[in-house]
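Visitor: What shape does this take:
(4 chains)
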2 protein chains.
Amino acid sequence: MGPTQEDVARRANVSRALVSLVLRDAPNVSAQSREKVLRAANELGYRPNAFARSLASKQVHTLGVLINDVTNPYFAAVYSSFATAAEAAGYDLLVAPGVRSAGKEGPLVNTLLEHRVAGLALLSPIMRTDTLREICTASPTVVIGRDVSFVENVDVVTTDERQAAKEVIAHLTDLGHTQIAHITGGANRSAHDREAAYVSTMREHQLQPLAVPGDFTEEGGKRGAAHLLRSKQRPTAVIAANDLCAVGAIGEFSRHGLSVPEEVSVVGYDDSQIAGLAMVQLTSVRQSIEQFGASALSMLIERIADPDIATRANRMPTELVVRTTTAMCQPAGANT
Amino acid sequence: MGPTQEDVARRANVSRALVSLVLRDAPNVSAQSREKVLRAANELGYRPNAFARSLASKQVHTLGVLINDVTNPYFAAVYSSFATAAEAAGYDLLVAPGVRSAGKEGPLVNTLLEHRVAGLALLSPIMRTDTLREICTASPTVVIGRDVSFVENVDVVTTDERQAAKEVIAHLTDLGHTQIAHITGGANRSAHDREAAYVSTMREHQLQPLAVPGDFTEEGGKRGAAHLLRSKQRPTAVIAANDLCAVGAIGEFSRHGLSVPEEVSVVGYDDSQIAGLAMVQLTSVRQSIEQFGASALSMLIERIADPDIATRANRMPTELVVRTTTAMCQPAGANT
DNA sequence: CTGAAAGCGCTTACAG
DNA sequence: CTGAAAGCGCTTACAG
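Guide: The predicted structure is shown next:
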């Protein structure tokens, strides 16, 4: 298993305790012995054993991260922002790669816990609420991307769906749209939150909401658009669950001879790479993902320091990036 | 720090050793005491301490992973395939999130090593070769995405660039193209390998290679295309460093009134989500990323079992996915 | 500054 | 099947 402090001590002709002191940068060590120890350690290629250290000191600087679905670039970006913040704060990360399976999340988190991580960050977990409750009891926890603020002992960072919906719908009504439909992200929690925000904001505008089922993929966007094409009252604007969904909808619309944005405006969510492509230029809701990580980490660190702190929910502001897929609503007769 | 085996033993009125045996599923334990122990463990919410276990048993089932750049969906996909394989094999993953900085990779790997990981997977590391050499001495290592097969004690999994270049160029020459240019991925190792494969394959076809500088972004594709538009002998086909680069090139071409694929064919690499979009439909080289992980893991496991095994390089086959951005070369005069 | 000692939570023979 | 004991590599007081 490689050299130990014992080996270093022997080589440097000093006590084991001294080695430990030097290696931890303790004060009150003569420059001479410090140097002797360091040299010996170097010659031996000594590397501290993080396990033994944690065991003895009862201190850990490893955080556990559960990712809903590693393949998804969205989660990768969220993870990245968390990882950057964590590294800056001196924490190592133990990562459990989720696979979009609610049942598997429990065991994955368990592994993290067995490694005695100091705290847990859950990225858009899809586990049941009771499982989540147990976990939050076992370890300081922060949840990103799912609003579970009703659970005790857990902080959350999410997108401010209400604000986002307000901004998108205001943009569209400013352009004269009133028939504004929503293609949903499916039957999961975050899709539901987005849809709910859409519905209530539409109502605030005295507009009739129309939500059709879709999901967070191009395919879902196609399905949703097809659905809308069949509806009696065809909308003049569509808010898709995310960019991929929006792109799918646009494709389906143009396949049916409906041009975007002339005949129908389309908005996506995420402001992903795809939205910015020159050949796409999608109007999209930008979420400040980069800030998710920093916010989550600071809350987690505070909760590690004091587990009984009151729970907090940080709903991050969004920003609408207007590109070329939204335009003035055409007068009613223009289509005919 | 939560209950220990000691606590469980006390509660179940048995010896500490028995608890250990039961918890490790050892044989020769009466159903009755097993049950007693399990119940006590459950009531106490006992969770084994992975550190202590590793320390005592000198066995680890944690693997370390260094990711060049977490933000990049390409690496996320590679990571994902490795993570899936590792989980299936019963390994936990400790992840070091790289930040595209050669200098930072060393320290990150060091952290991994201090956690006494059983082995290391390096995803497209950009560190210097000597750093890599040191690391490979310290721990069983597999490198994905960078051909370092000249280093001792390390296995590698990469794309078979030669085969890919052959397939792409054969496809284009079959379509009648002879002026085939390449927009490179910049001044890094993997871009260079791709370019070299392009150049030598062109030579094998007795064709004149023309490589212009770009990078792995849409912007790089634009720059490369602009460069090509200025060249005296305008190519009829372009092989871009990756999909994003290809999309950038296509945008630049159409901005200059050159239509794809009528006047110029374009091929990308990665067969990413973008390539498959209905509005893009890019011909692209598909790399079997899903298999990278499994291949890397199995080599790593073998090397953990026997560190002195001969080094292997697994160059994964690619597959050209033909979509709508490549077409027959127009007769020379057609443009005029 | 040094050295001897106890302990972190667990595993591993080993004698009963 | 059980119990007492040693040890994994390190940290932490504590008396010199």
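Visitor: Now do the contacts for residue A:241.
Guide: For residue A:241, the contact set (Cβ atoms under 8 Å, 6 or more residues apart in numbering or on different chains) comprises A:182-186, A:191, A:194, A:214-216, A:220-221, A:269. (Glycine included, C-beta is placed from N, CA and C.)
Visitor: what does the average pLDDT come to for stretch A:249-266?
Guide: Along stretch A:249-266, the predicted local confidence has a mean pLDDT of 96.
Visitor: same thing with stretch A:137-147?
Guide: The predicted model gives stretch A:137-147 an average pLDDT of 94.
Visitor: Check stretch A:106-124 too.
Guide: 92.
Visitor: Equivalent analysis for stretch A:127-134, please.
Guide: Looking at stretch A:127-134 alone, the average pLDDT works out to 94.
Visitor: With stretch A:49-56 instead?
Guide: If you average the pLDDT over stretch A:49-56, you get 86.
Visitor: residue contacts, residue A:282?
Guide: Residue A:282 is in contact with A:243, A:246-247, A:250, A:266-268, A:274-276, A:323, A:325, counting by Cβ under 8 Å, 6+ apart.
Visitor: related to what we said a few turns ago, cross the contacts of residue A:241 against helices and list the overlap.
Guide: With helices identified by DSSP state H, the entries of the contacts of residue A:241 that belong to them are A:191, A:194, A:220-221.
Visitor: quick one: contacts of whichever strand or helix holds residue A:156?
Guide: In the assignment (DSSP states H and E), residue A:156 maps to strand A:154-159. Contact with strand A:154-159 is made by A:132, A:136, A:141-149, A:193, A:287, A:292, A:295-296, A:299-300, A:303, A:311-316, A:318, as judged by Cβ under 8 Å, 6+ apart.
Visitor: Only C-alpha atoms, please: export whichever helix or strand comes after it in CSV.
Guide: Note on strand A:154-159: by DSSP H and E, the next helix or strand toward the C-terminus is helix A:161-174. Extracted C-alpha coordinates of helix A:161-174, given in CSV (Å, rounded to 0.1, in the frame of the first residue of the first chain):
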residue,chain,number,x,y,z
GLU,A,161,-40.2,29.1,-12.6
ARG,A,162,-42.8,31.7,-11.8
GLN,A,163,-40.4,34.5,-12.8
ALA,A,164,-39.4,32.7,-15.9
ALA,A,165,-43.0,32.1,-17.0
LYS,A,166,-43.8,35.7,-16.3
GLU,A,167,-41.0,37.0,-18.4
VAL,A,168,-41.7,34.6,-21.3
ILE,A,169,-45.4,35.3,-21.4
ALA,A,170,-44.8,39.1,-21.1
HIS,A,171,-42.5,38.9,-24.0
LEU,A,172,-45.1,37.1,-26.1
THR,A,173,-48.0,39.3,-25.2
ASP,A,174,-45.9,42.3,-25.9
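Visitor: Centre of the chain to helix A:161-174, how far?
Guide: For helix A:161-174, the distance from its own C-alpha centre to the chain's C-alpha centre is 22 Å (Cα atoms, centre = their mean, to the nearest Å).
Visitor: ranges for the helices of chain A?
Guide: Ranges of helices within chain A are A:5-12, A:16-23, A:31-44, A:50-57, A:73-88, A:102-114, A:129-138, A:161-174, A:189-204, A:218-230, A:243-255, A:273-276, A:289-305, based on DSSP H.
Visitor: okay, those helices, which one's buried deepest?
Guide: Compared across the helices of chain A, helix A:243-255 shows the largest average neighbour count, a mean of 25 (mean count of other Cβ atoms under 10 Å in any protein chain shown).
Visitor: Briefly note if that one comes near chain B.
Guide: Yes: contact of helix A:243-255 with chain B is found when judged by Cβ under 8 Å from any Cβ of the partner chain, involving A:244, A:247-248, A:250-251.
Visitor: Save the helices of chain A as a markdown table, and put in distance to DNA strand C too.
Guide: Rendered in a markdown table, the data for those read as follows (distance: least, Cβ to the nearest atom of the strand, whole Å):
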| stretch | distance to DNA strand C |
| --- | --- |
| helix A:5-12 | 8 |
| helix A:16-23 | 4 |
| helix A:31-44 | 4 |
| helix A:50-57 | 4 |
| helix A:73-88 | 24 |
| helix A:102-114 | 9 |
| helix A:129-138 | 14 |
| helix A:161-174 | 42 |
| helix A:189-204 | 34 |
| helix A:218-230 | 45 |
| helix A:243-255 | 45 |
| helix A:273-276 | 45 |
| helix A:289-305 | 18 |
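Visitor: Nearest to residue B:35 among the ones you listed would be which one?
Guide: Ranking these by proximity to residue B:35 (Cβ to Cβ) places helix A:102-114 first, at 21.2 Å.
Visitor: counting contacts, what elements does that closest one pack onto?
Guide: Under the contact criterion of 3 or more Cβ pairs under 8 Å, 6 or more residues apart in numbering or on different chains; DSSP states H and E, helix A:102-114 touches strand A:62-67, strand A:92-97, strand A:119-123, helix A:129-138.
Visitor: again, only this time at 10 Å
Guide: strand A:62-67, strand A:92-97, strand A:119-123, helix A:129-138, helix B:50-57, helix B:73-88, strand B:92-97 (3 or more Cβ pairs under 10 Å, 6 or more residues apart in numbering or on different chains; DSSP states H and E).
Visitor: Next, format these as CSV and append distance to residue A:160.
Guide: Compiled in CSV, the helices and strands packed on helix A:102-114 are given as follows (distance: least, Cβ to Cβ, whole Å):
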stretch, distance to residue A:160
strand A:62-67, 22
strand A:92-97, 27
strand A:119-123, 18
helix A:129-138, 21
helix B:50-57, 38
helix B:73-88, 26
strand B:92-97, 27
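Visitor: Nearest to residue B:17 among the residues of helix A:243-255 next to chain B?
Guide: Scanning these for proximity to residue B:17, where the rule is Cβ to Cβ, the winner is residue A:244, at 55.7 Å.
Visitor: How many residues are close by residue A:98?
Guide: For residue A:98, the number of neighbouring residues by other Cβ atoms under 10 Å in any protein chain shown comes to 28.
Visitor: hang on, it packs against residue A:67?
Guide: Yes: in this structure, residue A:98 sits in contact with residue A:67. The criterion is Cβ atoms under 10 Å, and the distance is 5.1 Å.
Visitor: Could you pull out the residues contacting both of the two?
Guide: Common neighbours of residue A:98 and residue A:67 (criterion: Cβ atoms under 10 Å, 6 or more residues apart in numbering or on different chains): A:75, A:108, A:122-125, B:83.
Visitor: near DNA strand D too, which of those?
Guide: On the criterion Cβ under 7 Å from any atom of the strand, none of the entries of those sits beside DNA strand D.
Visitor: Could I get the contacting residues of residue A:73?
Guide: Shown here is residue A:73, whose contacts under the criterion Cβ under 10 Å, 6+ apart are A:80, A:244, A:270, A:272-274, B:71-74, B:76-77, B:272-273.
Visitor: 8 Å - rerun?
Guide: Residues touching residue A:73, when contacts are defined by Cβ under 8 Å, 6+ apart, comprise A:272-273, B:73, B:76, B:273.
Visitor: likewise residue A:144?
Guide: A:78, A:82, A:121-124, A:156-158, A:292, A:296.
Visitor: from those residues, which is closest to residue A:63?
Guide: Among the contacts of residue A:144, and counting by Cβ to Cβ, the member closest to residue A:63 is residue A:121, at 6.4 Å.
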